[in-house]
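1. pasting a predicted model and its sequence here:
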Number of protein chains: 2
Amino acid sequence: MPVLALDIGGTKLAAAVVTAAGQVLAERMEATKSSSSPAEILDTLFAMAGEVNRRAALGWPELAGVGVSFGGPMDFPSGRTVTCHHLEGWQDFPLRQAVGARVGRPVVVDNDANAAALGEATFGAARSKPYVLYLTVSTGIGGGIVLGGRVHRGANSLAGEIGHTLVAPEGPVCTCSRRGCLEAVASGPAIATAARQALEAGEPSALASIPRSQLTAREVAAAAASDALAARVMSRAGEYLGLAIAGAVNLLNPSIVVVGGGVSEAGEALFRPLREAVARHAVPESARGLAIAAGALGQRGALLGAAALALTDQYQAW
Amino acid sequence: MPVLALDIGGTKLAAAVVTAAGQVLAERMEATKSSSSPAEILDTLFAMAGEVNRRAALGWPELAGVGVSFGGPMDFPSGRTVTCHHLEGWQDFPLRQAVGARVGRPVVVDNDANAAALGEATFGAARSKPYVLYLTVSTGIGGGIVLGGRVHRGANSLAGEIGHTLVAPEGPVCTCSRRGCLEAVASGPAIATAARQALEAGEPSALASIPRSQLTAREVAAAAASDALAARVMSRAGEYLGLAIAGAVNLLNPSIVVVGGGVSEAGEALFRPLREAVARHAVPESARGLAIAAGALGQRGALLGAAALALTDQYQAW
């Protein structure tokens, strides 16, 4: 039986009907209105859900369940949101209950990093790999751990927070107010800031022609193949990612590390230094046979992960 | 039904009959002869096993199974040893098969760090805690992860290797030949070396009266309550442990961190700076409610863990 997948993100809302094999039967996406309340967002989302159900010619009783990806921390056992850094009104919101009341089907809700991790593990780059470490590198750096097809969430539903690993003791201050976190030196904004600082120091670069305010990690990544400054900035970010991943590889001995999120689209300018740093810092026997891959699901990771949440029995004790 | 627990270590062999509740019905320990071959060690161990069975008045058919802790890396699925750093002849030795052939009962074999982790999770400091990170700090630094009562082993049976996390980029070279690993700055020998170096630099200390060659982490720990040099050396080791543990806490969000091994007997001289470093470096929400405790099983951790291996179904897929 297919499932309904819902994705509540800071910039977009998505709904899809997805089969157990990961085939998307119908899909709809909309920009998130940042002024909307949770109730308004759920109204929009359920109008979208109704539409994809109609397009897939399925009624609620024909759906095995509903999976929801939420763009912020969740308390998994209760299905309540903790907060959302991009939208108002989501402090301690009973999301699982609110969705369940509307659909009358089993509902599983998780944060977007865990959802994307499970999506890649079930349908994407980590398919058929038993032990998966997933990182998402974009505005922030988050992650998720999937062991034997199930998300490892930990005591406070917060497992996977690799973004706040200390990697640069003398580095810049992070959004979390500590110094030198991975997120402070390898996220999209950190890459853009490093490039801007090098430009302001007078270093020549093709990036100098881009207005400073429009310079993002995307432009740095695009220039890296032919521009020394851009290549060095991407390489530094890749090294820091590799250093943090090496520690996680020692601890978890995963079968695969999947790196998703916007910054992962930078390709080899990021992945080559990342792989080299993992090889340098991980226990060689733990890194033996380790695959390191870019996410295969792109922007759809969390949505397909929401489908995977609904398709697997996430509440089974282990 | 009780189980037979066997512990093959670099310095001692142990055998015990243990009930499902963790009660030791009979126990025997002997020093390991380092010149012994695997076959000779197994002969000694089975003589010990026969004796504890007699003392517990149990025959082989009355044992539910046999658990074995081995002091070196194992390939878990095959039950073969990889090697032993203290004993000869254990390269790729079929330990599970060799024990099984002698006892005709189900046999589970794992390395001593995983066994001790499971021992603490089942019978010790982490009893009833769902997500357990265990470290053993002694000659080296190893670890184990127990999730929902089962050891997480990873792709190459090497999960838990927290000792080779980079914590001191400018620090001393590790036994693994990389620089600045946790093991290189916080193991027993690292603590002794740091104390010796401070003494050789002329710093006054009560430790100066101990012959340098006899100065171990034990003496440093014992002096830490009243000696500034010893206190500073223990504190530094605790901080490095806390830094590595914080990264693991962010990644795994465990319910409890248990620190065992000889160095963990140092008490608050080690644990206070360790806890402070975890509080400083971990994501506050992940550290909320986190217990940090010394191992409760002492030298018996691996042996009781071997019993726990035999008592739980470690081969069930998850």
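-> Nice, I can see it.
2. helix, strand or coil: sort out the residue of chain A positioned farthest from its centre for me.
-> Most distant from the centre of chain A: A:Gly202, at 34.8 Å, with distances by CA atoms, centre = their mean. Secondary structure for A:Gly202, judged by DSSP: H, G, I helix; E, B strand; the rest coil, is coil.
3. one more: A:Met29?
-> Classification of A:Met29 using three-state DSSP returns strand.
4. wouldn't A:Leu290 be in contact with A:Pro254 here?
-> Yes. At 7.0 Å, A:Leu290 and A:Pro254 qualify as touching, with contact defined as CB atoms under 8 Å. All C-beta atoms are positioned from the backbone trio N, CA, C, and that covers glycine.
5. what touches both of the two?
-> B:Ala155 (CB atoms under 8 Å, 6 or more residues apart in numbering or on different chains).
6. neighbour count for these two, which is higher?
-> For A:Leu290 versus A:Pro254, the count of surrounding residues by other CB atoms under 10 Å in any protein chain shown is larger for A:Pro254: 27 against 21.
7. report pLDDT for the more buried one.
-> What the model reports as pLDDT for A:Pro254 is 98.
8. is the top helix by length along chain A in proximity to chain B?
-> For chain A, the helix with the greatest residue count under DSSP state H is helix A:228-252. Yes. Using CB under 8 Å from any CB of the partner chain, helix A:228-252 reaches chain B at A:243-244, A:246-248, A:250-252.
9. which other helices and strands contact the helix or strand just after that helix?
-> Downstream of helix A:228-252, the first helix or strand assigned by DSSP states H and E is strand A:256-260. When contacts are defined as 3 or more CB pairs under 8 Å, 6 or more residues apart in numbering or on different chains; DSSP states H and E, strand A:256-260 packs onto helix A:112-123, strand A:131-137, helix A:228-252, helix A:268-281, strand A:291-294.
10. related to what we said a few turns ago, now the residues of helix A:228-252 next to chain B in a markdown table, with neighbour count?
-> A markdown table is the format used below for those (neighbours: other CB atoms under 10 Å in any protein chain shown):
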| residue | neighbour count |
| --- | --- |
| A:Leu243 | 24 |
| A:Ala244 | 32 |
| A:Ala246 | 25 |
| A:Gly247 | 27 |
| A:Ala248 | 26 |
| A:Asn250 | 28 |
| A:Leu251 | 27 |
| A:Leu252 | 27 |
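11. stretch A:50-64: which residues count as buried?
-> Neighbour-count burial for stretch A:50-64, counted by 16 or more other CB atoms under 10 Å in any protein chain shown, picks out A:52-53, A:56, A:58, A:63.
12. closest one of these to A:Val17?
-> Nearest to A:Val17 among the buried residues of stretch A:50-64: A:Ala56, at 4.0 Å, using CB to CB.
13. re the thing from before, can you give me the angle the longest helix of chain A makes with strand B:131-137?
-> 90 degrees (axes from the mean of the first three to the mean of the last three CA atoms, to 10 degrees).
14. what's the angle from helix A:228-252 to strand A:256-260?
-> Using the same axes, to 10 degrees: helix A:228-252 against strand A:256-260 is 140 degrees.
15. now helix A:228-252 and helix A:268-281, what's the angle there?
-> Using the same axes, to 10 degrees: helix A:228-252 against helix A:268-281 is 40 degrees.
16. centre of the chain to helix A:228-252, how far?
-> Between the centre of helix A:228-252 and the centre of its chain there are 17 Å (CA atoms, centre = their mean, to the nearest Å).
17. pretty sure A:Ala224 is touching A:Ala230, no?
-> Yes. Between A:Ala224 and A:Ala230 there is a contact under CB under 8 Å: 4.4 Å.
18. list the residues that contact both of those two?
-> Residues within reach of A:Ala224 and of A:Ala230 at once, by CB under 8 Å, 6+ apart, are A:Ala269.
19. re earlier: chain B: which of the buried residues of stretch A:50-64 is nearest?
-> A:Leu63 (26.7 Å; CB to the nearest CB).
20. which non-adjacent residue is nearest the closest one?
-> A:Leu4 (5.2 Å; CB to CB, 6 or more residues apart in numbering or on different chains).
21. other SSEs contacting the helix or strand containing that neighbour?
-> Element membership of A:Leu4, judged by DSSP H and E, is strand A:3-8. The contact analysis (3+ CB pairs under 8 Å, 6+ apart) places strand A:3-8 against strand A:12-18, helix A:38-55, strand A:66-70, helix A:301-311.
22. kindly recompute the last result at 10 Å.
-> On a contact count with 3 or more CB pairs under 10 Å, 6 or more residues apart in numbering or on different chains; DSSP states H and E, strand A:3-8 meets strand A:12-18, strand A:24-31, helix A:38-55, strand A:66-70, helix A:95-103, strand A:107-111, helix A:112-123, helix A:301-311.
23. output that strand as CSV, nothing but the C-alphas.
-> What follows is strand A:3-8, C-alpha atoms only, in CSV (Å, rounded to 0.1, in the frame of the first residue of the first chain):
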residue,chain,number,x,y,z
VAL,A,3,1.8,6.2,1.9
LEU,A,4,1.3,9.9,2.0
ALA,A,5,4.5,11.9,2.6
LEU,A,6,4.5,15.5,3.9
ASP,A,7,7.4,17.8,4.2
ILE,A,8,7.2,21.0,6.4
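24. ok, what's across the strand from the residue nearest to A:His152 when sequence neighbours are not counted?
-> In this structure, A:His152 finds its nearest non-sequential neighbour in A:Ile145, 4.3 Å apart by CB to CB, 6+ apart. Judged by DSSP bridges, the bridge partners of A:Ile145 are A:Leu133.
25. what angle sits between the strand holding A:Leu4 and strand A:66-70?
-> Counting by the same axes, to 10 degrees, strand A:3-8 lies at 20 degrees to strand A:66-70.
26. off-centre distance for strand A:3-8?
-> 15 Å.
27. and if you look at stretch A:66-77?
-> 13 Å.
28. pLDDT averaged over it - what is it?
-> 95.
29. quickly list the domain ranges of chain A.
-> Listed domain ranges for chain A are A:3-119+A:300-311, A:127-296 (source: automatic domain parsing).
30. now do the SS call for the residue of the stretch 51-200 of chain A at minimum distance from chain B.
-> Closest to chain B within the stretch 51-200 of chain A is A:Gly154: 2.6 Å, counting by CB to the nearest CB. Following three-state DSSP, we place A:Gly154 in the coil state.
31. got a list of what the nearest residue to it once chain neighbours are set aside touches?
-> Of all residues not flanking A:Gly154 in the chain, B:Asn253 sits nearest, at 2.6 Å (CB to CB, 6+ apart). For B:Asn253, the contact set (CB atoms under 10 Å, 6 or more residues apart in numbering or on different chains) comprises A:145, A:152-161, B:131, B:133, B:282-283, B:285-288, B:290.
32. now do A:Glu170
-> A:179-180.
33. tell me the phi and psi of it?
-> Backbone geometry at A:Glu170, expressed as degrees, to the nearest 10, gives phi -100, psi 10.
34. what angle do strand A:12-18 and the strand holding A:Leu4 make with each other?
-> Using the same axes, to 10 degrees: strand A:3-8 against strand A:12-18 is 170 degrees.
35. angle of strand A:3-8 against helix A:95-103?
-> 130 degrees.
36. mind checking the pLDDT average for strand A:3-8?
-> On average, strand A:3-8 scores 97.
37. which strands border that strand, and is each parallel or antiparallel?
-> As assigned by DSSP bridges, strand A:3-8 forms pairs with strand A:12-18 (antiparallel), strand A:66-70 (parallel).
38. returning to that earlier point: turn the domains of chain A into JSON lines, columns for distance to B:Ala113.
-> Below are the domains of chain A laid out as JSON lines (distance: least, CB to CB, whole Å):
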{"stretch": "domain A:3-119+A:300-311", "distance to B:Ala113": "26"}
{"stretch": "domain A:127-296", "distance to B:Ala113": "12"}
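39. fine by me, thanks again.
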